[in-house]
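1. Got a sequence here, can you build the structure:
(one chain, ligands or ions: 1)
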Amino acid sequence: MTERKVICAVEDVPADHPLLVEIDGLPSLAVYQLSDGVYVTDAICTHGEAPLTDGWLENDEIECPFHGGRFCVRTGKPTAFPVTVPLRTYPARVESGSIVIEIKEE
Ligand code: FES
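-> Presented below is the predicted three-dimensional model:
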């Protein structure tokens, strides 16, 4: 089953830094605005408990502030050591100025 949820306004997401979104019942989310659209991942690094929203966004990669691991924010795939476990991603789109994600129950 898939649930759709409005998580924030698109205007709240800076172009150069991820936005942390906390919603009851969901993991902490990181929202990114890239040149081709919006992307949403879990906000906590899979290597430790680091908040990726305190990290650095470069093109489509987020760098973890703890040990410098990197993930592709489009796919969640690890792109730099020491992260090896992918980050969960959520299909996202803009509808009437809001960012809507799809959450598949696992
Ligand atoms: S906690 Fe993110 S790379 Fe270690």
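2. The most centrally placed residue in the chain: which element?
-> By Cα atoms, centre = their mean, the chain has its centre lying nearest to residue 41, at 2.7 Å. Counting by DSSP states H and E, the element that carries residue 41 is strand 37-42.
3. Parallel or antiparallel, list what pairs with that strand.
-> Strand 37-42 sits in its sheet next to strand 29-34 (antiparallel), strand 89-90 (antiparallel), going by DSSP bridges.
4. Which of those has the highest mean neighbour count?
-> strand 29-34 (a mean of 22; mean count of other Cβ atoms under 10 Å). Where you see a C-beta, it was placed from the backbone N, CA and C, and this is true even at glycine.
5. Tell me if that strand is near the ligand.
-> No. On the criterion Cβ under 6 Å from any ligand atom, strand 29-34 is out of touch with the ligand, staying 12.5 Å away.
6. starting at the chain centroid, how far to that strand?
-> Distance, stretch centre to chain centre, for strand 29-34: 5 Å (Cα atoms, centre = their mean, to the nearest Å).
7. Kindly report the same for stretch 19-36.
-> 5 Å.
8. returning to that earlier point: of all the strands paired with strand 37-42, which lies closest to residue 66?
-> strand 29-34 (14.6 Å; Cβ to Cβ).
9. what's the closest one in contact with?
-> Contacts to strand 29-34, defined as Cβ atoms under 8 Å, 6 or more residues apart in numbering, come from residues 7-8, 10, 13-15, 18-23, 38-43, 52-53, 57, 59-60, 62, 73-74, 90, 92, 99, 101.
10. what's the average pLDDT for that strand?
-> What strand 29-34 shows for mean pLDDT is 97.
11. got it, and stretch 47-57?
-> Across stretch 47-57, pLDDT averages out at 97.
12. Next: stretch 62-80.
-> Across stretch 62-80, the per-residue pLDDT values average to 98.
13. Other residues contacting it?
-> 18, 30, 32, 34, 39, 41, 45-48, 50-52, 54-57, 60-61, 81-89.
14. For those residues, which PyMOL command selects only the ones that are buried?
-> Command for PyMOL that selects the buried part of the contacts of stretch 62-80, burial taken from 16 or more other Cβ atoms under 10 Å:
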select buried, resi 18+30+32+39+41+45+46+47+50+51+52+55+57+60+61+83+87+88+89
